[in-house]
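**Student:** Prediction below, plus the sequence it came from.
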Amino acid sequence: MLGLANFKNLHIVVASDEGLAKCIVVTAYEATTDVWESDFRTKKKKP
């Protein structure tokens with residue numbers, strides 16, 4: 001999942017438990033252009 005909070009791009013991975021009708025956050029971090037292209041959807045290739 002890609003989101004925006006306080007003008008920061010966030011990548012969030014969630015798992016869903018349909019039996020409990022809940023989503024569980026697995027990891028969340030601020031995406032930066034050091035690692036991601038400007039669209040924040042495409043990871044940069046290592047040199």
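**Tutor:** Noted; the coordinates are in hand.
**Student:** Now do the strands in the chain.
**Tutor:** Assigned strands in the chain, in chain order: 2-5, 8-17, 22-30 (criterion: DSSP state E).
**Student:** which of the ones you listed sits most buried?
**Tutor:** The densest packing among the strands of the chain, expressed as mean neighbour count by mean count of other Cβ atoms under 10 Å, is seen in strand 8-17 with a mean of 12. Glycine gets a C-beta too; all of them are placed from N, C-alpha and C.
**Student:** partners of the lowest-mean-pLDDT helix or strand in the chain in the sheet?
**Tutor:** Each helix and strand of the chain was given a mean pLDDT (mean pLDDT, DSSP states H and E); the minimum falls on strand 2-5 at a mean of 83. If you go by DSSP bridges, strand 2-5 pairs up with strand 8-17 (antiparallel).
**Student:** So what touches the partner strand?
**Tutor:** The set of residues external to strand 8-17 that reach it, using Cβ atoms under 8 Å, 6 or more residues apart in numbering, is 1-4, 22-32, 36, 40.
**Student:** hmm, try it at 6 Å
**Tutor:** Among residues not part of strand 8-17, those counted as contacts by Cβ atoms under 6 Å, 6 or more residues apart in numbering are Met1, Gly3, Cys23, Ile24, Val25, Val26, Thr27, Ala28, Tyr29, Glu30, Ala31, Phe40.
**Student:** Contact partners for the first one?
**Tutor:** Spelled out, that is Met1. Met1 sits in contact with Ile12, where contact means Cβ under 6 Å, 6+ apart.
**Student:** how close does it sit to Tyr29?
**Tutor:** 12 Å (Cβ to Cβ, to the nearest Å).
**Student:** which residues touch Ile24?
**Tutor:** Neighbouring residues of Ile24 by Cβ under 6 Å, 6+ apart: Ala15.
**Student:** Identify the bridge partners of it.
**Tutor:** Beta-bridge partners of Ile24, as defined by DSSP bridges: Ala15.
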